[in-house]
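J.: pasting the sequence and the predicted coordinates here, then a few questions.
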Amino acid sequence: MRFTILVVDDEKNIREGLAEALSLDGFQVKTAADGAQGLAAVETGEIDLVITDLKMPALSGSDLLRTVVGRYPGLPVIILTGHGTIEDAVQAMRFGAFDFLTKPVNLDHLSILVKRALESRELARKNLELEAEVDVQRKTSAIIGSSAEMKKIFDLLRRVAPTKASVLITGESGVGKEVVADAIHNLSPRRAGPLIKVHCAALAESLLESELFGHEKGAFTGAAGRKRGRFELANEGTLFLDEIGDINQNVQIKILRVLQERRFERVGGEETIEADVRIIAATNRDLKKEIAEGRFREDLYYRLNVVNIHVPPLRERRDDIPLLAMAFLREFAQENGKRLEGFEPKARSVLYAHPWAGNVRELRNCVESAVVMARGPLVGIEDLPPGVRSSSEEHDVRLPSGSSLADAEKILIRETLAAQNGNKSRTAEILGIGRKTLYQKIDEYGIEPRGPTEALSAPSPAATPAEAPGSGD
């Protein structure tokens, strides 16, 4: 990385001499003849270090220092001073200067000081990045996963959350759409504002309009007083419209108007209310199909679908199952005052094999039930709900009578590998062994994979932890 240094001094010879010396050290150098020009250069965002004289016309070095320290934390400023103004330089350091140099400048000392200042800036930058990463992790603590699909979603969250764009979250019921909406709000500049949620499918059509926009006293039978709607309550925050595909066309038109004009009226009212609201919507319906069949407005769809985040069903991201299951196990074990270490291999195999029609929500309920039923330190197959336990019947491994331990191990590895369609990562997880050990056993026993082979069992691109929806919606 090539750093850019700004030299600010009203004496041309000093300014150009320092610029030449710093250029020979490999830095890109910009110069300014006074503090005002220097501030304009800093405001471009291209400067990594400022070296400025104290006594200058227009805007003094002291004023430039205060402005830079206030507006651009972490940008180091080195002060140049004559012998008679060392006290001023010391005072400048109290205001946040990195260090000071006396004139005439010792170039060797300058080189050392510049390197120290830039190292300090880089350390501060890395600390800020680390703090930001920790902040992201904290604000998405409900999100768990390691699959490639979920890593893509988490990358989208990082890019979309800081913007004002409307987001449409799609996916089957129970995949975790609401958790994604929570993460977007928590990572956004609106996180200090309210996150208001409306489950559109749970409200009758006659109530939904009033719920969203509010109503005035006497607007309809039973309207005993004024009520503020969810759009009004979400001002300067986020409004999450869950199951947006279930609303009728009349309400669709009014939501479209709010998205276009940022204003609305309460039911039965004449006062126009401004609404600074970010919209996040979610649905398990195919809205393009709904549009084709005349049940959803195309113009509203494009207003909502500025950014689309599709959450795949759990059956398409089975690598997330063990992480989700363990997270739920820890949660419910603590809630029920139990000490549980994990799942027996057979139980893990069943969790992998189950189709999970109810997605993450079904898995969560399954683990809660298993924790309640568990009697030992490990959850066994007998602790799983009957509907999930029955998935194991087609995956039973039968050992011939008189099999040796080596034969049994070979059969178990071969059959588990086949049940997982050749996926070695899943097989190793189910068997409770390392992947390297599994490869050694496969070579030792000469096991030929059945079904999809190395294309499925190569090292997963999602081997490092990322985030994925961790509770159903």
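T.: In hand now; what should we look at?
J.: okay, domains of the chain per the record?
T.: Using automatic domain parsing, the domains assigned to the chain come out as 4-130, 143-312, 318-469.
J.: make JSON lines out of those domains and add mean neighbour count and mean pLDDT.
T.: Glycine gets a C-beta too; all of them are placed from N, C-alpha and C. Output for the domains of the chain, formatted as JSON lines (neighbours: other CB atoms under 10 Å; pLDDT from 0 to 100):
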{"stretch": "domain 4-130", "mean neighbour count": "17", "mean pLDDT": "87"}
{"stretch": "domain 143-312", "mean neighbour count": "18", "mean pLDDT": "92"}
{"stretch": "domain 318-469", "mean neighbour count": "17", "mean pLDDT": "78"}
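J.: please enumerate the helices of the stretch 101-250 of the chain.
T.: In the stretch 101-250 of the chain, the helices defined using DSSP state H, counting those that start in this stretch lie at 107-139, 148-160, 177-187, 205-213, 230-233, 249-261.
J.: output those in a markdown table; the columns should cover distance to K197.
T.: Formatted as a markdown table, the helices of the stretch 101-250 of the chain follow (distance: least, CB to CB, whole Å):
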| stretch | distance to K197 |
| --- | --- |
| helix 107-139 | 17 |
| helix 148-160 | 18 |
| helix 177-187 | 7 |
| helix 205-213 | 11 |
| helix 230-233 | 8 |
| helix 249-261 | 15 |
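J.: so which of those gets nearest E344?
T.: helix 148-160 (26.0 Å; CB to CB).
J.: and the angle for the closest one with helix 177-187?
T.: 40 degrees (axes from the mean of the first three to the mean of the last three CA atoms, to 10 degrees).
J.: elements contacting helix 148-160?
T.: Counting contacts by 3 or more CB pairs under 8 Å, 6 or more residues apart in numbering; DSSP states H and E, helix 148-160 packs against helix 177-187, strand 307-310, strand 466-469.
J.: what's the closest of those to D88?
T.: Among the helices and strands packed on helix 148-160, helix 177-187 comes nearest to D88, with 44.0 Å by CB to CB.
J.: identify all contacting residues around stretch 74-87.
T.: Contact partners of stretch 74-87, identified using CB atoms under 8 Å, 6 or more residues apart in numbering, comprise 9, 14, 42, 47-55, 61, 64-65, 68-69, 88-89, 92-93, 96-103, 105, 113-114, 117-118, 120-121, 124-125, 128.
J.: swap the cut-off to 7 Å and go again
T.: 9, 47, 49-54, 61, 65, 68-69, 88-89, 92, 97-103, 113, 117, 120-121, 124-125 (CB atoms under 7 Å, 6 or more residues apart in numbering).
J.: and after the helix or strand containing G17, which helix or strand comes next?
T.: Using DSSP states H and E, G17 maps to helix 12-24. With elements assigned by DSSP H and E, the helix or strand that comes after helix 12-24 is strand 28-32.
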